[in-house]
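Trainee: for reference, the sequence and a predicted model appear below.
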2 protein chains.
Amino acid sequence: MYVTSPVSFFENSQAVCARFVNEGNAGHSHISHVPAGHRLFCDGDDADYIYEIMEGVVRTSKLLSDGRRQVLSFGYPGDIAGLSHDHFYHSDCEALSGVTLRLHHKNAFNVSFENEPDFNNELLKYAAAEVNNMQEHFIMLGRKSATEKVASFLITLMDRVGQKNDCNTCFELPMCRSDIADFLGLTIETISRTLTKLRAEGVIELPKKQQVLVCKPSALRALAERN
Amino acid sequence: MYVTSPVSFFENSQAVCARFVNEGNAGHSHISHVPAGHRLFCDGDDADYIYEIMEGVVRTSKLLSDGRRQVLSFGYPGDIAGLSHDHFYHSDCEALSGVTLRLHHKNAFNVSFENEPDFNNELLKYAAAEVNNMQEHFIMLGRKSATEKVASFLITLMDRVGQKNDCNTCFELPMCRSDIADFLGLTIETISRTLTKLRAEGVIELPKKQQVLVCKPSALRALAERN
DNA sequence: CGAAGTATTGACTACCTTCAAAAATTGTGG
DNA sequence: CCACAATTTTTGAAGGTAGTCAATACTTCG
């Protein structure tokens, strides 16, 4: 069953990354699969579900009336999407790859989930960690240069999903250049130019368009913090 | 008693703005006053308290090692500061004016506040609303021009603390230009130039440096969304 | 193989920053 | 209350980073 409701949130940021763990498994949940490119929910829809990502990657974003877009987060396994403070989603969420989700029906709780204290506590922990991650991203958007943004982004993914071989670390980019651009507050051209520059400097390699090999992790980390 | 512990969060953003309301008044709390310019807490300190702002304004911010700063939020009455996903604060928090606070001692709860379900639920509601507000601010930082940023910022304050007289709305700016600049990801010069431009266009007046009179609210709203 | 979409590269522009100085505001001591 | 210093804000000029517009290359898919 492919859900087509609205909003979510999540953030894959630096250091701290408390994962959502639903130990109690409150009962009012079920597993669902969504293929790549399909919507989980849209801005404005009734917020019926909270989505726990088990496999795959999702993208949450917001649109301005003039078409500008801000990607809010890329949701990886362990993240949740669709948390709302009211009865509506306030962003769009789409599967970037095939995803496996656990859906928690909100009618089973009320707006504040009072009937499920354990689930509630997990959500609070997750939300607090999320706030912390989003604060890191504020620095990214507000105070970092293009190079620092791209380097920071690559490091986040490397630390979270990178496969280590020898001194290299390899990972996939399930999102396209424009997703990265709209996540970092840049244009696709700047993303492309910056990746080309990092490649020219021997810091990374791009075996495929959507695959990154980090050759000099320490150099990449240095670039993430200085101009 | 002037607390000098660390970190917090909050955000004063658009439309939705669920205020924190501690109805239960869990008992493990007390009132405190902090004068203007004093610290509530610092990045890295033990997160012993959650701060409920009752009067005045606080500023939370993060510093990069090279001195760049990102202001995360301005906390007004009804906001909370100091929420943490672990045992430490991850930002600095300072009183911009004299503030009255209700302090909730974290030792009374544990990390996830399991012993206080009502307080917990209020926190979750607040955190979810906070995440929503922060997502709005992502758009601000990532996709808006300087004029749009300043206009959006003024509208947020106008809607939240503005005093209506006739067709004008007046409010104070308890923060200085550099605080605004570091909140919006701009420089103080750009803030100043943009305010000057808005004044020249008759959209606002600045009777004092830290006082704003919005003469054309609809024009200001238009500027907040277009280039 | 050709078409469509995505990514890269190039040339030019513009917005915001940086550097610098003047003006305004605030605070302190006589 | 005034004078002077210190800080903050405003204004000006010049420069740089990232954006825009445009063309080419690459990838994917029919």
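Mentor: Alright, I've got the coordinates.

Trainee: burial of A:Ala95, as a residue count?
Mentor: Look at A:Ala95: counted by other C-beta atoms under 10 Å in any protein chain shown, it has 23 neighbours. Where you see a C-beta, it was placed from the backbone N, CA and C, and this is true even at glycine.

Trainee: longest single helix anywhere in chain A?
Mentor: For chain A, the helix with the greatest residue count under DSSP state H is helix A:117-143.

Trainee: quick check, that one touching chain B?
Mentor: Yes. Using C-beta under 8 Å from any C-beta of the partner chain, helix A:117-143 reaches chain B at A:117, A:120-125, A:127-132, A:134-139, A:141-143.

Trainee: bridging residues for the residue nearest the centre of chain A?
Mentor: The centroid of chain A falls nearest to A:Phe74 when counting by C-alpha atoms, centre = their mean (1.8 Å). When bridges are called by DSSP bridges, A:Phe74 pairs up with A:Arg59.

Trainee: now it: how far from chain B?
Mentor: According to C-beta to the nearest C-beta, to the nearest Å, A:Phe74 and chain B sit 13 Å apart.

Trainee: report pLDDT for A:Ile53.
Mentor: The model reports A:Ile53 with a pLDDT of 97.

Trainee: I figured A:Met175 hits A:Leu96, correct?
Mentor: Yes. Contact criterion C-beta atoms under 8 Å: A:Met175 and A:Leu96 qualify, at 5.6 Å.

Trainee: neighbours of A:Thr156, how many?
Mentor: Count around A:Thr156 with other C-beta under 10 Å applied: 22.

Trainee: related to what we said a few turns ago, quickly list what's touching both of A:Met175 and A:Leu96.
Mentor: Shared contacts of A:Met175 and A:Leu96 (C-beta atoms under 8 Å, 6 or more residues apart in numbering or on different chains): A:Val57, A:Arg59, A:Phe74.

Trainee: distance to DNA strand D for the residues you listed - can I get that in TSV?
Mentor: As requested, those are exported to TSV (distance: C-beta to the nearest atom of the strand, whole Å):
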residue	distance to DNA strand D
A:Val57	17
A:Arg59	18
A:Phe74	19
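
Trainee: which one of these sits closest to DNA strand C?
Mentor: Nearest to DNA strand C out of the shared contacts of A:Met175 and A:Leu96 is A:Arg59 (C-beta to the nearest atom of the strand; 13.1 Å).

Trainee: ok, now which ones touch the closest one?
Mentor: A:Val71, A:Ser73, A:Phe74, A:Gly75, A:Cys93, A:Glu94, A:Leu96, A:Met175, A:Asp179.

Trainee: where does A:Leu123 land on pLDDT?
Mentor: Here, the pLDDT recorded for A:Leu123 equals 90.

Trainee: and it, how far from DNA strand C?
Mentor: A:Leu123 sits 34 Å away from DNA strand C, going by C-beta to the nearest atom of the strand, to the nearest Å.

Trainee: so A:Asp66: helix, strand or coil?
Mentor: At A:Asp66, secondary structure determined by DSSP: H, G, I helix; E, B strand; the rest coil is coil.

Trainee: mind giving me the domain split of chain A?
Mentor: A:29-141, A:144-223 (automatic domain parsing).

Trainee: distance from the first one to the middle of the chain?
Mentor: Per C-alpha atoms, centre = their mean, to the nearest Å, the displacement of domain A:29-141 from the mean C-alpha position of its chain is 9 Å.

Trainee: ends of it, how far apart?
Mentor: Using C-alpha to C-alpha, to the nearest Å, one end of domain A:29-141 lies 36 Å from the other.

Trainee: just stretch A:94-101 next, same as before
Mentor: 12 Å.

Trainee: tell me which stretches of chain A form strands.
Mentor: Here chain A has its strands, by DSSP state E, at A:29-34, A:39-41, A:49-55, A:58-63, A:69-75, A:80-81, A:92-95, A:99-105, A:163-165, A:168-172, A:204-208, A:211-214.

Trainee: re earlier: any quick PyMOL command for the buried ones out of the residues of helix A:117-143 next to chain B?
Mentor: Typed into PyMOL, the line below selects the buried ones among the residues of helix A:117-143 next to chain B, using 16 or more other C-beta atoms under 10 Å in any protein chain shown:
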select buried, chain A and resi 120+121+122+123+124+125+127+128+129+130+131+132+134+135+136+137+138+139+141+142+143
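
Trainee: got CSV for the contacts of A:Arg59, with distance to DNA strand C and pLDDT too?
Mentor: As requested, the contacts of A:Arg59 are exported to CSV (distance: C-beta to the nearest atom of the strand, whole Å; pLDDT from 0 to 100):
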residue, distance to DNA strand C, pLDDT
A:Val71, 13, 98
A:Ser73, 18, 98
A:Phe74, 14, 98
A:Gly75, 19, 97
A:Cys93, 18, 97
A:Glu94, 12, 97
A:Leu96, 11, 97
A:Met175, 8, 97
A:Asp179, 8, 98
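
Trainee: buried stuff in stretch A:44-55?
Mentor: A:Asp45, A:Ala47, A:Asp48, A:Tyr49, A:Ile50, A:Tyr51, A:Glu52, A:Ile53.

Trainee: wait, stretch A:210-219
Mentor: So, applying 16+ other C-beta under 10 Å, buried residues of stretch A:210-219: A:Val212, A:Leu213, A:Val214, A:Cys215, A:Lys216, A:Pro217, A:Ala219.

Trainee: of these, just say which sits nearest to B:Lys164.
Mentor: Of all the buried residues of stretch A:210-219, A:Val212 has the smallest distance to B:Lys164: 53.5 Å, by C-beta to C-beta.

Trainee: would you mind measuring from the closest one to A:Leu173?
Mentor: 6 Å (C-beta to C-beta, to the nearest Å).

Trainee: likewise for A:Ala224?
Mentor: 17 Å.

Trainee: do the same with A:Ser192
Mentor: 13 Å.

Trainee: between the two, which is the more surrounded one?
Mentor: A:Leu173 (21 against 14).

Trainee: how about the contacts made by that one?
Mentor: A:Leu157, A:Ile180, A:Lys209, A:Gln210, A:Gln211, A:Val212.

Trainee: list the contacts of the residue nearest to the fifth one when sequence neighbours are not counted.
Mentor: Put plainly, it is A:Gln211. Nearest non-adjacent residue to A:Gln211, counting by C-beta to C-beta, 6 or more residues apart in numbering or on different chains: A:Glu172, 5.7 Å away. Applying C-beta under 8 Å, 6+ apart, we find A:Glu172 in contact with A:Val161, A:Gln210, A:Gln211, A:Val212.

Trainee: try it again with 10 Å
Mentor: A:Val57, A:Ser97, A:Leu157, A:Val161, A:Gly162, A:Gln163, A:Lys208, A:Gln210, A:Gln211, A:Val212 (C-beta atoms under 10 Å, 6 or more residues apart in numbering or on different chains).
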